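return a 3D structure for these sequence lines:
(chains A and B)
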Amino acid sequence: MINTLVEFIRTAVTDYMDSDDAVPQFSVNIPAREEYGDFSTGVAFSLAPAVKKPPFEIASGISKKMQKGIPGIVSRIDVIKPGYINFFMDNKFWHAGVKDIVEKNTAYGKNNFGQGKRILVEFISANPTGPVHVGHGRGAVVGDVLARVLAVSGYHVTREYYINDAGNQVLSLGYSVLNEYYRLNGIDTEVSRQGEYAGEYIKNISDMLGSHMPQSDINEEHIRLITGFAADVILDTIKQTLLGFGVGFDSWFSEKSLYEDNSIPAVIQELEKKNAVSRSEGATWFLSTLYGDEKDRVLQKQSGELTYFASDIAYHVNKYKRGYDMLVNVWGADHHGYLPRIMAALRALGYDPAKVIVLFVQMVRLMRGDKPVAMSKRAGEYVTLKELVDEVGSDAVRFFFLQRSHESQLVFDIELAKKQSQENPVYYVQYAHARIASIFVYARTKGWDVNGLTYAADYVFGAEEKRLIAQCLLYPQVIMDMAVKMEPHRLTHYLIELVGILHKYYTDTRVVGDDSNTGQRLLLMKMVKIVLKNALDLLGINAPEKM
RNA sequence: GCGCCCGUAGCUCAGUGGAUAGAGCGUCGGACUUCGAAUCCGCAGGUCGUGGGUUCAAAUCCCACCGGGCGCUCCA
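This is a model prediction of the structure:
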């Protein structure tokens, strides 16, 4: 519905510019002050550099082109100081808006920005060497909500988890389990490599080894089996944790599979064909400096082992070969230094680097009151995502993470999150949904058929009601904005604002009354409830009927 | 030293070219015989790290500096 206003403006701008490809990207927004109208646009500002006129003059010119389209949409147009065009909407517009939202219902907010393009979102991808921790949790929420937003924005989305089940880290896990097993069973054997992982979960896995374990003569095959077993167990608990956190995947991609189908040597060969490989000091190097990296990188070590980097190139090539239009990687910010080398490799191999978009998710610092929480993974002293979710609740954790830009570090105070459980913003939003549900229950007892309400076109909306509708009408634009900018945190702020307007309206206005306008107010509530439900669904947060 | 991110109210953070810079928490004071007070209303609180520059217009863009986090492995 907001599109009718956007198109209305676009037509006038096209008319003013005398060409439709001179129309810039613009949006409408709700002005800060009531006297500035119901909606406003700053198109004139974006036009100013090209037209080389003051924004105010441009805005005036545009507004003159708008006169003919006014009936049924806009009742008044103001052009203000620096160059804003402000709109006071016609009563018909508000009615059409409410109707549009209520009729679209669960489909309201969807858009076709993605035009069916295929997009792969890879996120979390935590090593199966221990439970996922809170930092992974943040990446999980960012990736999950981004995937949901892209899906309702017309993309064909695949969610993927890359399992690092090859290489030294998992091997070290295997040794950790084995050592623990020996320790628990009082077996005195020297194992060549020390495992670096510790913690309760290592003990649990070694317990599970039970009678399957050979008592002596451990060979490499045994280690491999133990490692695989341990990684499987851990991956399983990771899946369980994520499920409890509302995060699911379409695809679990195994790094080991890249070893098994020989795609890593194949990729190295490809690089060799491009003359981007050299051998020195007993190792095989990718000459990434030729493609913008600051130093060359090892693909195959002196020992003959392949590096993580080598398999990661093969992984990315695999993604390209699967034919996606876009590849999104959600990485921890501590991996940012890694980006130039992977991009160098993709460039060297002739893949379009513009298809890869990497979101770096900054660190989470956990606090209990004013005491920082130890986060050493190796020592096994860290708060797992599961522990945090059990303690604070999935909805609150998600909402809290989504209030901050993924590019900002954030401090998560567990004590505070628990203490303010009554005042937590997530409850503020959920309460609004439950409150409307409760109004409906009451309305039914008064004989209203909430699902069979009729529209009364002569009803004139009050200021607060118009504000409520306006905010709801902006919803699709917020979704689109999130999809375009890939910023999943914008929706929580939108919701807090919407709910603020709703709660105020509720205290000022009795919805279910004796007057004949009750039906129109119930329709308004229905509209808000739809937007709340759709938005909360996108965030993976419950929209309760009761609290 | 180099690179990435951050520096906005007491605290945690939105806002990233445009109207009088916002929210939550915290402080203080009000509002329930009526649809849910997990709510609402009000008060207080800002050199937008510092200094320069670009622009009709800068918290937002550019440069320098200061402060914090992370990264600069033949680890992943």
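
pLDDT below threshold where in chain A?
Low-confidence segments of chain A (pLDDT under 70): A:69, A:189-194, A:211-212, A:214-217, A:375-381, A:420-422.

what residue spans form the domains of it?
Following automatic domain parsing, one finds the domains of chain A at A:2-89, A:423-539.

and the stretch 101-250 of chain A, which residues reach RNA strand B?
Residues of the stretch 101-250 of chain A found near RNA strand B (C-beta under 7 Å from any atom of the strand) are A:Asn127, A:Asn164, A:Gly167, A:Asn168, A:Gln169. Heads up, the C-betas are built off the backbone N, CA and C, glycines and all.

need the buried ones from those selected in ChimeraX.
Per 16 or more other C-beta atoms under 10 Å, the buried members of those correspond to this ChimeraX selection:
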select /A:127,164,167,169
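
mind putting the residues of the stretch 101-250 of chain A next to RNA strand B into a markdown table with secondary structure?
Output for those, formatted as a markdown table (DSSP: H, G, I helix; E, B strand; the rest coil):
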| residue | secondary structure |
| --- | --- |
| A:Asn127 | coil |
| A:Asn164 | coil |
| A:Gly167 | coil |
| A:Asn168 | helix |
| A:Gln169 | helix |
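
show me what the top helix by length along chain A is packed against.
Identified as the longest helix of chain A according to DSSP state H is helix A:220-244. For helix A:220-244, the elements it packs on are helix A:168-184, helix A:200-209, helix A:385-392, judged by 3 or more C-beta pairs under 8 Å, 6 or more residues apart in numbering; DSSP states H and E.

looking at those, which is buried most?
Using mean count of other C-beta atoms under 10 Å, the stretch among the helices and strands packed on helix A:220-244 with the largest mean neighbour count is helix A:168-184, at a mean of 20.

still on that earlier bit, which of the residues in the longest helix of chain A are buried?
By neighbour count on 16+ other C-beta under 10 Å, the buried set for helix A:220-244 is A:223, A:226-227, A:229-231, A:233-235, A:237-239, A:241-242.

save the domains of chain A as JSON lines, and put in mean neighbour count too.
Below are the domains of chain A laid out as JSON lines (neighbours: other C-beta atoms under 10 Å):
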{"stretch": "domain A:2-89", "mean neighbour count": "17"}
{"stretch": "domain A:423-539", "mean neighbour count": "18"}
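
can I get the ones you listed in TSV with distance to RNA strand B?
Listed next are the domains of chain A as TSV, based on distance: least, C-beta to the nearest atom of the strand, whole Å:
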stretch	distance to RNA strand B
domain A:2-89	3
domain A:423-539	3
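
indicate which one of the ones you listed is closest to A:Phe401.
domain A:423-539 (8.2 Å; C-beta to C-beta).

what about that closest one, how long is it end to end?
One end of domain A:423-539 sits 19 Å from the other (C-alpha to C-alpha, to the nearest Å).

please apply the same query to stretch A:204-222.
One end of stretch A:204-222 sits 19 Å from the other (C-alpha to C-alpha).

show the contacting residues for A:Ile2.
A:Val28, A:Gly97, A:Leu473, A:Leu474, A:Pro476, A:Gln477 (C-beta atoms under 8 Å, 6 or more residues apart in numbering).

Provide the secondary structure category for the last one.
Just to be clear, that refers to A:Gln477. At A:Gln477 the chain is in helix, as set by three-state DSSP.

would you mind measuring from it to A:Leu5?
To A:Leu5, A:Gln477 is 11 Å away according to C-beta to C-beta, to the nearest Å.

so what sits against both of these two?
Counting by C-beta under 8 Å, 6+ apart, the contacts common to A:Gln477 and A:Leu5 are A:Val28.

strands of the stretch 401-547 of chain A, start to end?
Along the stretch 401-547 of chain A, the segments classed as strands by DSSP state E, counting those that start in this stretch run A:410-413.

residues contacting the nearest residue to A:Ala437 once chain neighbours are set aside?
Nearest residue to A:Ala437 in three dimensions, chain neighbours excluded: A:Glu545, at 4.1 Å (C-beta to C-beta, 6 or more residues apart in numbering). Shown in contact with A:Glu545 (C-beta under 8 Å, 6+ apart): A:His433, A:Ala434, A:Ala437.

just A:Val142 next, same as before
Neighbour list for A:Val142: A:Phe123, A:Val330, A:Leu359, A:Val361, A:Phe401, A:His406, A:Pro488 [criterion: C-beta under 8 Å, 6+ apart].

any idea which helix or strand carries it?
Element membership for A:Val142 (DSSP states H and E) is helix A:134-151.

now for the helix or strand following that helix, which elements pack on it?
Scanning forward in sequence from helix A:134-151 by DSSP H and E, the next helix or strand is strand A:156-163. Here strand A:156-163 touches strand A:118-122, helix A:134-151, strand A:251-254, helix A:255-260, going by 3+ C-beta pairs under 8 Å, 6+ apart.

could you dump those to JSON lines with distance to A:Pro71?
JSON lines is the format used below for those (distance: least, C-beta to C-beta, whole Å):
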{"stretch": "strand A:118-122", "distance to A:Pro71": "42"}
{"stretch": "helix A:134-151", "distance to A:Pro71": "36"}
{"stretch": "strand A:251-254", "distance to A:Pro71": "52"}
{"stretch": "helix A:255-260", "distance to A:Pro71": "63"}
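
for A:Leu366, find the nearest of the ones you listed.
Of those, nearest to A:Leu366 by C-beta to C-beta is helix A:134-151, at 5.8 Å.

ok, and for the closest one, which residues are buried?
Neighbour-count burial for helix A:134-151, counted by 16+ other C-beta under 10 Å, picks out A:134-151.

also stretch A:407-423?
For stretch A:407-423, by 16+ other C-beta under 10 Å, it's A:Phe412, A:Asp413, A:Ile414, A:Leu416, A:Ala417.

in contact with the second one, which residues?
Right, A:Asp413. If a contact means C-beta under 8 Å, 6+ apart, then A:Asp413 has A:Met367, A:Arg368, A:Gly369 as its contacts.

among those residues, which are in strands?
Using DSSP state E to define strands, the subset of the contacts of A:Asp413 located there is A:Met367, A:Arg368.

centre of the chain versus stretch A:446-457, how much separation?
37 Å (C-alpha atoms, centre = their mean, to the nearest Å).

ok, residues contacting that stretch?
With contact meaning C-beta under 8 Å, 6+ apart, stretch A:446-457 is reached by A:92, A:95, A:98-99, A:440, A:443-444, A:512, A:517-520, A:522-523, A:526.

I appreciate the help and will end here.
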